[in-house]
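Peer 1: return atomic coordinates for the entry below.
(one chain, ligands or ions: 1)
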Amino acid sequence: MKRILIVGGGIGGTILANNLARRLNHELHSGDVGITLLSASDRHMYQPGLLYVAFGRMTPDEIYRDQASLLEPDIAFHVDPVEEFRFEANAVRTASGKSFEYDYLAIATGSRPVAESIPGLAEHAHHVYTEAAALKTFQALRDFQGGKIVVAAAVPHKCPMVPLEITFLLHDYFQDRGLLDKVKIHYTYPINRVHSLENVAKWAAPEFDRLGISYETLFNVKEVDGAKRQVLSEEGSSVDYDLLIAIPPHKGMEVIEKNNLGKGGWIPTDRNSLRMENRDNVFVLGDTTNIATSKAGSTAHYEAEVLGENLAALVKLGSEVKTYEGKVFCFIEAGKDRATYASFDYNHPPQPQPPTQAVHWFKMAYNRLYWNSVRGLL
Ligand SMILES: Cc1cc2nc3c(=O)[nH]c(=O)nc-3n(C[C@H](O)[C@H](O)[C@H](O)COP(=O)(O)OP(=O)(O)OC[C@H]3O[C@@H](n4cnc5c(N)ncnc54)[C@H](O)[C@@H]3O)c2cc1C
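Peer 2: Coordinates of the predicted model:
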């Protein structure tokens, strides 16, 4: 029997498991293949929903499903986080002390915000990257009656569009509450333009100008002085705030760092085959790769589809059939019930179009369709 082991039950691991279960349906039933998914939680979070929770547009219960309910029935699912990767033995050891052996291993453990890595950031800034933080942000926005809001982006972070989306949604939020004349929104970004993707930056800067949102580039957050309500940058500049919303830097999961799989928790991964460096039967997908592309759910989704096809082909034909070409698709909420999107790959940069209501409503629909998408049905 060929044993396929998937570690991580987020979007990448779940789509991969379901994709494989369909492609290898016959082999699963004949006992020639076994698919096991190990995760750290029995719940699955639709992470992009956190942005909507912070603005009171979704409630936390809407962004969770029972993980087992999202999986094809032939997948063996265990809530038992991996603690040790034992590549020489083709096995992992889990928190419960069990050993799971494999012929093929896929790692999709995601990433985590590390606000505490910047002095003062965790204590004084709000963010939307966990349920608790999104709820605190929701309350802080409700309580805010006027003053300067600073949106400060640190790197690296997951979902490259969140800094822009938060900024546009803040403008909407205070306009809807009739407080826009009392609120000033200021955006800071670490490189010399307002977004890492050049064409997205070219589109977003004039949108900011039109809405009266000020911005400052080449601003790498070094420290937050809570007493002075000031953000200091590595470049030596500073900005005052009344309410600070941060995009905290991210790292891969601790288990990846503890096992020395990659610096910062980012696993060295071939950008086309998705194979872990120096490991023939180990593949990596989603946020935890070190591939220089967006850490986004869509990246994990497209990688999972390529990997599903390749692992099934390895079982049936003995070799891979597909390469990942860097495909990513990100919606960009632009405020006033309008949105645009960035679709790109390694060779084709995004060309964002003027935002429309149609794209916004498609994103609203996707917020519900996600549960079909993660089952591998879309
Ligand atoms: C506010 C916000 C907005 C976003 N907006 C968008 C968007 O609009 N579009 C988009 O494409 N992306 C968006 N993203 C990013 C997207 O959610 C992530 O990039 C995506 O979830 C990464 O998928 P993944 O499978 O790599 O990891 P995750 O989905 O994070 O899953 C990781 C899984 O690994 C499990 N795990 C962790 N440690 C272990 C262990 N030791 N053993 C076993 N399992 C383990 C976890 O329990 C979890 O199930 C957003 C994210 C946030 C927070």
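Peer 1: what score does whichever residue of the stretch 151-300 of the chain sits closest to the ligand have for pLDDT?
Peer 2: With Cβ to the nearest ligand atom, the shortest gap between the stretch 151-300 of the chain and the ligand falls at G286, namely 2.1 Å. No exception for glycine: its C-beta is placed from N, CA and C like everyone else's. At G286, the predicted lDDT confidence score is 98.
Peer 1: then the one 3 residues further on?
Peer 2: T289 carries a pLDDT value of 98.
Peer 1: my read is that it contacts D270, right?
Peer 2: No: applying Cβ atoms under 8 Å, one finds T289 not in contact with D270, separated by 9.2 Å.
Peer 1: looking at those two, which is more packed in?
Peer 2: Per other Cβ atoms under 10 Å, whichever of T289 and D270 has more neighbours is T289, with 29 against 15.
Peer 1: list the contacts for E309?
Peer 2: 19, 23, 321-322 (Cβ atoms under 8 Å, 6 or more residues apart in numbering).
Peer 1: okay, the residues you listed in TSV with secondary structure and distance to T130 next?
Peer 2: What follows is these, written out as TSV (DSSP: H, G, I helix; E, B strand; the rest coil; distance: Cβ to Cβ, whole Å):
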residue	secondary structure	distance to T130
N19	helix	28
R23	helix	34
V321	coil	38
K322	coil	34
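Peer 1: for PyMOL, what selects the buried ones among those residues?
Peer 2: A single PyMOL command selects the buried members of these (16 or more other Cβ atoms under 10 Å):
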select buried, resi 19+23
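Peer 1: let me know the distance separating the residue of the stretch 151-300 of the chain closest to the ligand from P350.
Peer 2: G286 sits 20 Å away from P350, taking Cβ to Cβ, to the nearest Å as the criterion.
Peer 1: which one's more surrounded, the two?
Peer 2: Neighbours per residue, other Cβ under 10 Å: of G286 and P350, the larger number sits with G286, 29 against 22.
Peer 1: that one is in contact with Y302, isn't it?
Peer 2: No: using Cβ under 8 Å, G286 is not in contact with Y302, being 10.5 Å away.
Peer 1: what is the burial count for M1?
Peer 2: 9.
Peer 1: N347 now?
Peer 2: 7.
Peer 1: what sits in contact with each of G286 and Y302?
Peer 2: Common neighbours of G286 and Y302 (Cβ under 8 Å, 6+ apart) do not exist.
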